[in-house]
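Asker: Please find the sequence and the predicted model below.
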Amino acid sequence: MKAPAGVDKILVLDFGGQSTQLIGRRIRQLGIYSEIVPGDARLEDLPLAGARGIILSGSGFSVYEDGAPEVDRRVYDQQIPILGICYGFQRISRDLGGTVESLGRKEFGRARVTLGSPSALFARVPDRSFTSWMSHGDSVTSAPQGFEVVGRSESGLPAAFANEPRRMWGVQFHPEVTHCEHGMEILEAFAVDICAAHRDWNMKRFLAEEREELVAKIGTRRVVLLISGGVDSCVVAALLLRSLPPDQVHLMYIDTGLMRQDESEEVRVSLGTLGARHVHVVDASERFYSGLAGVDDPEQKRRIIGDLFIRVQQEQMGKLGIDEAFLAQGTLYTDLIESGRGVGDKAAVIKTHHNVRSPLVEAARQRGMVIEPLSSLYKDEVRALGLELGLPASIVGRHPFPGPGLAVRILGAVTPEKCDLLRRVDKLFISELRARGLYDKIWQAFCVLLPIRSVGVSGDLRRYGHVLALRAVASLDAITADVYPMAMTDLLEISSLITNRIPEIGRVVYDVSSKPPATIEWE
């Protein structure tokens, strides 16, 4: 991730933990730029210019495990405030002479923390006891020399320590998780009070610098953007059209047959509002249906779709004589993390995003021909950027839609018939949410067609219908998500409408899983 010039920043050292990006996002929420860097980078490779503080993130490793990522010990001597979170807490302890052990007393989920001696890190916390969010199997059993334990968990284990003279702090829990009480106050105390970082990060500044960078990189060459009509691709389209002469920008919409009801027409209307001169609409639905025939595995689906996207695009670019153009994508930072393309080499793959790990995309990336202007942003920042670019709220406020489309919302093999069925159901569900004033309160809502059928009764006759899952979540950035607490009356009425109006559906269920442990999408 690229740091804006002259902006204070907090460095987040990435040791492969899935909440690393969430730490960075929370710092950005404070109006302070955060930059995520490899946790095991050598000191001279760290972008310390403008860094006001350093956060050591979590990890799936144990600090005493072979191959566990280690911080360059010289980082501790830079006179820059340091906060260790979870693995980072244990890393500080082990590196500076404390002990970390596996006691068999694992702490996961909500846990009470009681504060002891006063500490600058907890100066904004109004209570001596609060509910934290734990996720660890190992524990710090003794703090390094010069560090004082300033908080303990309900099991009596050290939950926080501090060495105020050395400007080092550590917490065993995760203040970045929304379930942690006073978590933002703790991060604010570190970034603002301790690090004295200025709150000078905003979308207006990002936009000005990104436009300059696009002009410098692309020059007079042409750029092609695969556009879906979703928020991310529309924002990239607007950014390109506001930064470059319109004749340089080619927007290509590939109808995969995996889109939502009336999606193609809505995309045409959306593109018209952007002032694009070159819009290419390609119907490749038969190719996608053929490529996905009989494929059950979700990762294989994503790879097939990603490769087909690029093949169709390359063919069309060749026909149009623009095959040497840059490829622009609406890749977000969360896409990179979930695809295992975090800044370090310890990141796990949660699910492959077709615009990140497709071999053909990788080949274009290696040639330096991929433009991903949103890759350092989170979804809510993309929405703010869209408004800054003048996009209407109707586009910016749309629920996210996955690049592979309905293919990842049909569990099992994808067929045209299943896509048509899911389109009809999804349109009914979303229409009802809008009519009930719920759509804008929900981060993302959609239907999932399950690979099973269930016995039911229609009139006096036995019916064997599809099982449909409804999904609706509340979130700020898609990094974590809670089930949206929809009123039972709404659920009952929507379920009844679906089974009455769409007879192929015999049973409706509501997904009540949070992220984690689940993901928002089912595949």
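Answerer: That came through fine.

Asker: alpha carbons only for contacts and neighbour counts from here, please
Answerer: OK.

Asker: mind listing what the spatially closest residue to Phe288 that is not a sequence neighbour touches?
Answerer: Distances taken as C-alpha to C-alpha, 6 or more residues apart in numbering place Thr256 nearest to Phe288, at 5.9 Å, with adjacent residues excluded. Counting by C-alpha atoms under 8 Å, 6 or more residues apart in numbering, Thr256 touches 283-288.

Asker: okay, now the closest residue in space to Asp138 that isn't next to it in sequence: neighbour count?
Answerer: With sequence-adjacent residues excluded and distances taken as C-alpha to C-alpha, 6+ apart, Asp138 is closest to Ser102, at 4.4 Å. Under the neighbour criterion other C-alpha atoms under 10 Å, Ser102 is assigned a count of 13.

Asker: And Ser102, its phi and psi?
Answerer: phi -100, psi 110 (degrees, to the nearest 10).

Asker: Let me know the pLDDT of it.
Answerer: What the model reports for Ser102 is a pLDDT of 84.

Asker: just the one 3 residues further on next, same as before
Answerer: Per-residue confidence (pLDDT) for Arg105: 64.

Asker: Make 756 the starting number, not 1.
Answerer: With 756 as the first residue, the last one maps to Arg860.

Asker: Please point out which parts of the helix or strand harbouring Leu1142 sit buried.
Answerer: Using DSSP states H and E, Leu1142 maps to helix 1134-1143. Applying a neighbour-count criterion of 16 or more other C-alpha atoms under 10 Å, the buried positions in helix 1134-1143 are 1134-1142.

Asker: hmm, who's touching it?
Answerer: Counting contacts by C-alpha under 8 Å, 6+ apart, the residues outside helix 1134-1143 that touch it are 958-959, 962, 986-987, 990, 993, 1087, 1129, 1148, 1151-1152, 1231-1233.

Asker: okay, who's weakest in the residues you listed by pLDDT?
Answerer: Asp1232 (71).

Asker: How about the secondary structure of it?
Answerer: Classification of Asp1232 by DSSP: H, G, I helix; E, B strand; the rest coil places it in coil.

Asker: Next, format the contacts of Thr1011 as JSON lines and append pLDDT, neighbour count and secondary structure.
Answerer: Converted to JSON lines, the contacts of Thr1011 look like this (pLDDT from 0 to 100; neighbours: other C-alpha atoms under 10 Å; DSSP: H, G, I helix; E, B strand; the rest coil):
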{"residue": "Asp1038", "pLDDT": "93", "neighbour count": "14", "secondary structure": "strand"}
{"residue": "Ala1039", "pLDDT": "95", "neighbour count": "15", "secondary structure": "coil"}
{"residue": "Ser1040", "pLDDT": "95", "neighbour count": "16", "secondary structure": "helix"}
{"residue": "Glu1041", "pLDDT": "96", "neighbour count": "13", "secondary structure": "helix"}
{"residue": "Arg1042", "pLDDT": "96", "neighbour count": "14", "secondary structure": "helix"}
{"residue": "Phe1043", "pLDDT": "97", "neighbour count": "22", "secondary structure": "helix"}
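
Asker: so what's Ile778 closest to, chain neighbours aside?
Answerer: Counting by C-alpha to C-alpha, 6+ apart, Glu931 is the residue found nearest to Ile778 once chain neighbours are left out, at 5.3 Å.

Asker: Val947 versus that neighbour, what's the distance?
Answerer: Counting by C-alpha to C-alpha, to the nearest Å, the separation of Glu931 from Val947 is 15 Å.

Asker: Show me which of the two is the more surrounded one.
Answerer: When neighbours are counted by other C-alpha under 10 Å, Glu931 comes out ahead of the other of Glu931 and Val947, with 24 against 19.

Asker: The more buried one is in what secondary structure piece?
Answerer: Following DSSP H and E, one finds Glu931 outside all helices and strands.

Asker: show me the contacts for it.
Answerer: Residues near Glu931 by C-alpha under 8 Å, 6+ apart: 774, 777-778, 781, 938-939, 942.

Asker: Distance-wise, check it relative to Val1137.
Answerer: From Glu931 to Val1137 the distance is 20 Å (C-alpha to C-alpha).

Asker: Under the pLDDT cut-off, which ranges of the stretch 806-955 of the chain? List them.
Answerer: Within the stretch 806-955 of the chain, the stretches with pLDDT under 70 are 859-863.

Asker: going on from the strand or helix carrying Leu996, what's the next piece of helix or strand?
Answerer: Under the criterion of DSSP H and E, Leu996 resides in helix 986-998. Per DSSP H and E, helix 986-998 leads on to strand 1004-1010 as the next helix or strand towards the C-terminus.

Asker: quick one: that following strand to helix 986-998, angle?
Answerer: With axes from the mean of the first three to the mean of the last three C-alpha atoms, to 10 degrees applied, the angle from strand 1004-1010 to helix 986-998 works out at 160 degrees.

Asker: And strand 1004-1010, how far out from the chain middle?
Answerer: Using C-alpha atoms, centre = their mean, to the nearest Å, the mean C-alpha position of strand 1004-1010 is found 24 Å from that of the whole chain.

Asker: angle of whichever helix or strand comes after it against strand 1004-1010?
Answerer: Beyond strand 1004-1010 in the direction of the C-terminus, DSSP H and E gives the next helix or strand as helix 1018-1028. The directions of helix 1018-1028 and strand 1004-1010 differ by 170 degrees, with the same axes, to 10 degrees as the criterion.

Asker: Which parts of helix 1018-1028 count as buried, going by neighbours?
Answerer: Residues of helix 1018-1028 classed as buried by neighbour count (16+ other C-alpha under 10 Å): 1018-1019, 1022-1023, 1025-1026.

Asker: export those to a markdown table and tack on pLDDT?
Answerer: As requested, these are exported to a markdown table (pLDDT from 0 to 100):
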| residue | pLDDT |
| --- | --- |
| Glu1018 | 81 |
| Ser1019 | 79 |
| Val1022 | 76 |
| Arg1023 | 75 |
| Ser1025 | 74 |
| Leu1026 | 74 |
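
Asker: so what secondary structure elements neighbour the helix or strand hosting Glu1248?
Answerer: Under the criterion of DSSP H and E, Glu1248 resides in helix 1243-1256. Packing contacts for helix 1243-1256, counted by 3 or more C-alpha pairs under 8 Å, 6 or more residues apart in numbering; DSSP states H and E, involve helix 1171-1190, strand 1260-1265.

Asker: Centre of the chain to the last one, how far?
Answerer: Same thing as strand 1260-1265. Between the mean C-alpha point of strand 1260-1265 and the mean C-alpha point of its chain there is a distance of 29 Å (C-alpha atoms, centre = their mean).

Asker: how about that strand: buried residues?
Answerer: Applying a neighbour-count criterion of 16+ other C-alpha under 10 Å, one finds 1260-1263 buried in strand 1260-1265.

Asker: pLDDT added to these, as TSV?
Answerer: As requested, the buried residues of strand 1260-1265 are exported to TSV (pLDDT from 0 to 100):
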residue	pLDDT
Ile1260	95
Gly1261	93
Arg1262	95
Val1263	97
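
Asker: quick one, whichever strand or helix holds Glu964 and helix 986-998 angle?
Answerer: Taking DSSP H and E as the definition, one finds Glu964 inside helix 958-973. Here the directions of helix 958-973 and helix 986-998 differ by 70 degrees (the same axes, to 10 degrees).

Asker: packing partners for the helix or strand containing Arg781?
Answerer: In this structure, Arg781 is located in helix 775-784 according to DSSP H and E. Helix 775-784 sits against strand 764-769, strand 788-793, helix 938-943, with contacts defined as 3+ C-alpha pairs under 8 Å, 6+ apart.

Asker: please redo it, this time with the cut-off set to 7 Å
Answerer: The contact analysis (3 or more C-alpha pairs under 7 Å, 6 or more residues apart in numbering; DSSP states H and E) places helix 775-784 against strand 788-793.

Asker: and the strand it packs on, which strands flank it?
Answerer: Listed by DSSP bridges, the sheet partners of strand 788-793 and their directions read strand 764-769 (parallel).

Asker: And the partner strand, what's buried?
Answerer: Using 16+ other C-alpha under 10 Å as the burial criterion, the residues of strand 764-769 that qualify are 764-769.
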